[in-house]
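In: Give me a model of this one.
(2 chains)
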Amino acid sequence: MSAATDTLTARDGVSTRLSDTLWRRPKLLLVLLLLPPVLWLGIIYLGSLFALLLQSFFSIDHFSGLINYEFTLRTYAELFTPANFDIIVRTVTMAACTTLASAVIAFPIACYAARFAKGRWRAVFYLGIMMPLWSSYLVKIYAWKLILAKEGILTWALEGLHLNWLLDAYLALPVVGGNSLSVSTTGTFIVFVYVWMPFMILPIQAALERVPVSMLEASGDLGARPGQTFRHVLFPLALPGIVAGSIFTFSLTLGDYIIPQIIGTSRLFIGQAVYQHQGIAGNIPLAAAFAVVPIVIMGVYLYIAKRMGAFDAL
Amino acid sequence: MHSDRASLGLKIAAAAGLLFLHLPILLIFVYAFTTEEKSFQWPPPGLTLKWFAVTWNRPDVWEALGLSVKVASISTVIALILGSLCAAAVSRTRFFGRETISLLVILPIALPGVVTGIALRSAFSIADIPFSTWTIVLGHATFCVVIVYNNAVARFRRTSGSLIEASMDLGANMFQTLRHVILPNIATALVVGGMLAFALSFDEVIVTTFTAGQQQTLPIWMLEELVRPRERPVTNVVAMVVVLVTMLPILGAYYLTRGTEAVAGQGK
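Out: Here you go, the predicted structure:
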């Protein structure tokens, strides 16, 4: 034993001594482990966020176009002008609708994957959920540009079914309609749901997997119809999972500026407002103030989600 | 509700949901072969392999692909180092501010990408940092850390601490323990985390538009083509190749974690 230790000590004395020091002083080891990631994230990420926050308290001189480096809340007040406030309301509404639709579509998939898929089917479901989740974001949007285009597959299919009058009637509707689906709010909505819905499936599946089968059987034994069991037992137990999933769908929709730019009307969303104000307009303070809006909304959202126990379902 | 058999309604709803997820991606594969050049006409008037050759000879596609691979590789390496260090610290010891560290790691991906993007952009402009490959890497590595961290933390949690103590008791120093005990135990988790981080960085566009300046990664190239289409068939081919390429890390990650799935399910 001592011979073995001796050879080790003899072979790499410096590393052994260093190792002993670290073993005796675990705090030092902890600091050494944490220093690089905390420095990186602290300086690059938090530093940038702070810089952003700082900019939102400056304002822009509308005549010269120069930034006025004096503390003011005027830029935040600008958020509440009708045009800007419209953008915020539109984005939040879209995020809420996307979240709701995602939950409705994701629930059956998650339910089947959690409770009925066995063996090979389990693998099929797992990959069937992971592949679209990880597929290229832009390619997914592009695929919908192909589908929703006037000469595309959707119009072709509806013509084949002699249902194109239905599409025309729908497109004639005021808010949701437009010239074609690819330049309508409905188009934006479909793509949002398509791109962010997969993020909803896994948290719901995790929540459902933890529901004991005996509980559902007990509900049935006590005379509940399947619908009642769902309403009073399964759904309440799955709710933390739904809320956890909604954090992703809501946050991701809130900050997206590429989907509405490619598919949809010319009406802006928060992300587009941020992008345009910092780019073409050069109004960094207003862009920064706009960027603070999703941070605040997500802060409130996360607080509520935490109180509903959603973090245990992540 | 029968506990052993799914109702027909549930089966149909689940199948329809999965079809909704997969059909649009399959459509990309068909369009890559179409002879139609100007519009998105369906059904395709004819099929051809011509556009694969055209795409192959496009230097701008190769340049964008090269930059994307470079950025993703560097970001993955940085994320691997920072993510595993952080995971080791958080899982081995309990200390004050542990929750704050987890939050700090998750924040870049929890906040909308546009916030991260403009935050970095304004920091670069304040600090007078010119755009370069490294500004893109700074952004990508920051949100890739969480992917590695999540995989490593889950694995550390399942690795028994007594293994490490046994190694030390048998006379190995910390570095020998790291090399012969810890690394073999967490290796697959790191490989999976690295592959996913690579896939995430390779595909990222929202933050990149703010940190790239005039440079074009493949997603930026693609975005340009979507906003101002130049040659649609080339876009179709690139889209198909991108789908195929991003599938590889996901399949790899799946096969590497397959055996541990049951254990992972219990942990979370």
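In: quick one, helices of chain B?
Out: Listed in chain order, the helices of chain B (DSSP state H) span B:8-31, B:50-56, B:59-92, B:98-110, B:113-126, B:133-158, B:161-169, B:174-177, B:183-203, B:206-211, B:218-227, B:232-257, B:261-267.
In: Buried ones in the fourth one, by neighbour count?
Out: When you say that, I think you mean helix B:98-110. Residues of helix B:98-110 classed as buried: B:101-102, B:104-110 (neighbour count, 16 or more other C-beta atoms under 10 Å in any protein chain shown). For glycine as for every other residue, the C-beta is placed from the backbone atoms N, C-alpha and C.
In: wait, doesn't residue A:87 sit right on residue A:269?
Out: Yes - at 6.6 Å, residue A:87 and residue A:269 qualify as touching, with contact defined as C-beta atoms under 8 Å.
In: Compare the two (neighbour count), which wins?
Out: residue A:269 (27 against 20; other C-beta atoms under 10 Å in any protein chain shown).
In: The more buried one contacts residue A:90, doesn't it?
Out: Yes - using C-beta under 8 Å, residue A:269 is in contact with residue A:90, at 6.5 Å.
In: Between these two, which contacts overlap?
Out: Common contacts of residue A:269 and residue A:90 (C-beta atoms under 8 Å, 6 or more residues apart in numbering or on different chains): none found.
In: Output the helices of chain B in JSON lines, with mean pLDDT and distance to residue A:244 appended to each entry.
Out: Compiled in JSON lines, these are given as follows (pLDDT from 0 to 100; distance: least, C-beta to C-beta, whole Å):
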{"stretch": "helix B:8-31", "mean pLDDT": "90", "distance to residue A:244": "19"}
{"stretch": "helix B:50-56", "mean pLDDT": "86", "distance to residue A:244": "41"}
{"stretch": "helix B:59-92", "mean pLDDT": "92", "distance to residue A:244": "21"}
{"stretch": "helix B:98-110", "mean pLDDT": "81", "distance to residue A:244": "12"}
{"stretch": "helix B:113-126", "mean pLDDT": "88", "distance to residue A:244": "20"}
{"stretch": "helix B:133-158", "mean pLDDT": "89", "distance to residue A:244": "15"}
{"stretch": "helix B:161-169", "mean pLDDT": "83", "distance to residue A:244": "29"}
{"stretch": "helix B:174-177", "mean pLDDT": "83", "distance to residue A:244": "37"}
{"stretch": "helix B:183-203", "mean pLDDT": "89", "distance to residue A:244": "20"}
{"stretch": "helix B:206-211", "mean pLDDT": "90", "distance to residue A:244": "22"}
{"stretch": "helix B:218-227", "mean pLDDT": "90", "distance to residue A:244": "28"}
{"stretch": "helix B:232-257", "mean pLDDT": "85", "distance to residue A:244": "21"}
{"stretch": "helix B:261-267", "mean pLDDT": "32", "distance to residue A:244": "16"}
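In: Find the nearest non-adjacent residue to residue A:146, please.
Out: residue B:40 (4.9 Å; C-beta to C-beta, 6 or more residues apart in numbering or on different chains).
In: cool, residue A:264 as well?
Out: Here the residue nearest residue A:264, using C-beta to C-beta, 6+ apart, is residue A:188, at 3.6 Å.
In: surely the one you found meets residue A:260?
Out: Yes - the criterion here is C-beta under 8 Å, and residue A:188 meets it with residue A:260 at 5.1 Å.
In: As CSV, the buried residues of helix B:98-110 with distance to chain A would be great.
Out: Compiled in CSV, these are given as follows (distance: C-beta to the nearest C-beta, whole Å):
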residue, distance to chain A
B:101, 7
B:102, 11
B:104, 5
B:105, 7
B:106, 10
B:107, 7
B:108, 6
B:109, 9
B:110, 7
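In: Just name the closest of these to residue A:284, please.
Out: residue B:108 (20.8 Å; C-beta to C-beta).
In: what helix or strand is the closest residue to residue B:118 other than its chain neighbours on?
Out: The spatially closest residue to residue B:118, leaving aside those adjacent along the chain, is residue A:291, at 5.2 Å (C-beta to C-beta, 6+ apart). Residue A:291 is located in helix A:284-307, with elements delineated by DSSP states H and E.
In: So which residues on the stretch 201-314 of chain A come close to chain B?
Out: Counting by C-beta under 8 Å from any C-beta of the partner chain, the residues of the stretch 201-314 of chain A close to chain B are A:206, A:209, A:213, A:216-217, A:220, A:226, A:229-230, A:234, A:247, A:251-252, A:254-258, A:261-262, A:270-271, A:274-275, A:278, A:284, A:287-288, A:291, A:294-295, A:298, A:302, A:314.
In: Check the gap between the residue nearest to residue B:215 when sequence neighbours are not counted and chain A for me.
Out: Nearest residue to residue B:215, sequence neighbours excluded (C-beta to C-beta, 6+ apart): residue B:67, at 6.2 Å. Distance from residue B:67 to chain A, counting by C-beta to the nearest C-beta, to the nearest Å: 16 Å.
In: Might you report the residue contacts of residue B:67?
Out: B:133, B:215-218.
In: Likewise for residue A:194?
Out: A:140, A:144, B:20-21, B:24.
In: which SS class is it?
Out: Secondary structure, DSSP: H, G, I helix; E, B strand; the rest coil: residue A:194 is helix.
In: ok, it to residue A:140 distance?
Out: 7 Å (C-beta to C-beta, to the nearest Å).
In: any residues in contact with both of those two?
Out: Joint contacts of residue A:194 and residue A:140 (C-beta under 8 Å, 6+ apart) are residue B:24.
In: Kindly confirm whether my reading is correct that residue A:226 touches residue B:9.
Out: No - checked against C-beta under 8 Å, the pair residue A:226 and residue B:9 is beyond contact range at 9.7 Å.
In: Look at these two and report which has more neighbours.
Out: Neighbours were counted for residue A:226 and for residue B:9 using other C-beta under 10 Å; residue A:226 has more, 15 against 10.
In: for the stretch 101-250 of chain A, what spans make up the helices?
Out: Counting by DSSP state H, counting those that start in this stretch, the stretch 101-250 of chain A has helices at residues A:120-134, A:137-148, A:153-160, A:164-171, A:185-196, A:198-209, A:213-221, A:226-229, A:235-255.
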